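Undergrad: this is a predicted model, with the sequence first.
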Amino acid sequence: MKFSTLALSDEMVSNLDKIGYEKMTPVQAETLPLILEGKDVIAQAKTGSGKTAAFGIGLLSKLQVKKFRVQALVLCPTRELADQVAKELRVIAKFAHNIKILTLCGGAAFGPQLGSLRHGAHIIVGTPGRILKHLNKETLSLENLETLVLDEADRMLDMGFIEEIDKVLEYAPKTRQTLLFSATYTNEITFISNRIQNDAVSVKTVSTEVKNSIQERFYETKNKVDSLIKIFSTFKPENIIVFTNMKVVAKEIAEKLAQNKIDALAIHGDLEQYERNDVLVQFANKSCPVLIATDVAARGLDIKELSMVVNYDLPHTEETYTHRIGRTGRAGAEGIAITLYDEYEIENAMEYKDEFRIFEGSEALKKQNNFEMKPQNVTLVIEGGKKDKLRAGDLLGALTGENGLKGSSIGKIDIYDRQAYVAIQREFIDEAHKKLSNGRIKNKKFSVWVL
Ligand code: AMP
């Protein structure tokens, strides 16, 4: 179904067309008519289903741009998700001028947030704890709030944010539209919906999507690392997240894979924020094909076009399983979800048997001679960012200008407050490094190093 069938402004429809959203995804088709009518909606939707645009189009449609007050608040479990949501909202918000969207997340400095808040905003996206802190300090007011969104509500409950959410709600007007999105549908979710929503209409679309686009395979194995390598060699996925239940194991697997010429990085709760960022950037910009993660560490992480998800051990619950594998097979592309289990996990693994899932012995997997996995790109770090007014165009200019690199050898560019990351095709990394460290960017010298 096309967006033009909805009660949307011409500007909104033409902008959606411009950004390449031709048809509605199932979640959008089911929720948007209700959202646009002003109803409270509770929707079961995983990341990749187009849920952000569903609530984004809804809240932006009723925004009064001239009224410079916070009219919508999106609560997210993590900073990564909040950044992702804000990014997508900004793209959709291009149908009008001057819509101000601000992220307020824990883990970031408080001071600059105060400054941004003083300048005002229409939409706030953030994590519950930090939002509450601003409300308590009266640096943020929800007096004019029209729409409240709880994104990945199940994750927020898992992470123990319920108290903060309740307190945030005390600051919000009673008459408002409340939208709740969650990958799983538990009693707890129904309970919170009943408490904070008004006659909510419930929409479930996730199960059919998952069955259609993800190939689910299970392997019994005595040597998980060995099987993992064979899996990569057999299916040749481009980018993979391997989930482990324990963070110590995550590090260990990454090391063992590296010994086998497979480039892998681990992300776990023990990393400092900057280390975590380095890893996430490298994985997302194709400087590392394999990411090993615990569930906690992977929360909110939104990497597009993941070709494979591996459960290194059996997830503790079927909900975790669904959530993990939902990261592959997005937007219609076929994904592969592999689960490994050993003799101690057989009994639990058998509970996953159904007509769609394939169970095989690990002997079905083969390792090609000299198999290795190297990344397509290498990441350069530039010690300068938004605070230095650096933009992607400046870096592109510095790299490609005067006998420089071809644009096609440059990948994703991520610019943070004080650092920028540029993905460069591996064979051009030395040239790019030299070009940036010897030359000037915006007439200034910056330190540059290879990550
Ligand atoms: P989400 O589930 O919000 O994480 O969205 C997944 C991805 O789908 C995002 O990259 C969106 O930009 C994209 N997307 C959302 N809606 C549409 C649409 N109607 N058509 C094409 N792509 C879309």
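TA: Great, that's in hand. Residues are numbered from 1 along each chain as shown.
Undergrad: run the chain-centre distance for stretch 69-78.
TA: Centre-to-centre, stretch 69-78 and its host chain are 16 Å apart (CA atoms, centre = their mean, to the nearest Å).
Undergrad: likewise for stretch 97-116?
TA: 19 Å.
Undergrad: list the buried residues for it?
TA: Within stretch 97-116, the residues that count as buried by 16 or more other CB atoms under 10 Å are 99, 100, 101, 102, 103, 104, 105, 106, 108, 113. Just so you know, the C-beta spots here come from the backbone N, C-alpha and C atoms, and that holds for glycine as well.
Undergrad: so which residues make contact with it?
TA: 60, 63, 65, 68, 78-79, 82-83, 86, 89-90, 93, 117, 119-127, 129-131, 133-134, 139-140, 273, 417 (CB atoms under 8 Å, 6 or more residues apart in numbering).
Undergrad: avg pLDDT for it?
TA: Averaged over stretch 97-116, pLDDT sits at 93.
Undergrad: isn't residue 46 up against residue 325?
TA: No. Look at residue 46 against residue 325 with CB atoms under 8 Å: they stay out of range, at 9.4 Å.
Undergrad: look at these two and report which has more neighbours.
TA: residue 325 (25 against 22; other CB atoms under 10 Å).
Undergrad: report the two of the buried residues of stretch 97-116 separated the most.
TA: 99 and 106 (24.5 Å; CB to CB).
Undergrad: and whatever residue of the stretch 51-200 of the chain ends up closest to the ligand, how far from residue 389?
TA: Nearest to the ligand in the stretch 51-200 of the chain, going by CB to the nearest ligand atom, is residue 52, at a distance of 3.1 Å. Distance from residue 52 to residue 389, counting by CB to CB, to the nearest Å: 28 Å.
Undergrad: tell me which of those two has more neighbours.
TA: With neighbours defined as other CB under 10 Å, residue 52 and residue 389 compare such that residue 52 has more, 28 against 10.
Undergrad: and the more buried one, what element?
TA: For residue 52, the element it lies in under DSSP states H and E is helix 51-61.
Undergrad: after that helix, which helix or strand is next?
TA: strand 72-75.
Undergrad: what residues does that next one touch?
TA: Counting by CB under 8 Å, 6+ apart, 55, 59-60, 63, 82, 85, 89, 122-128, 131, 142, 145-151, 156, 161, 165, 168, 172 sit against strand 72-75.
Undergrad: got the residues of the stretch 1-150 of the chain near the ligand?
TA: Counting by CB under 6 Å from any ligand atom, the stretch 1-150 of the chain comes close to the ligand at 21, 24, 25, 28, 47, 48, 49, 50, 51, 52, 53, 88.
Undergrad: put the buried members of the residues you listed into a ChimeraX selection.
TA: Restricted to buried positions by 16+ other CB under 10 Å, the ChimeraX selection for these reads:
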select :21,24,25,28,47,48,49,50,51,52,53,88
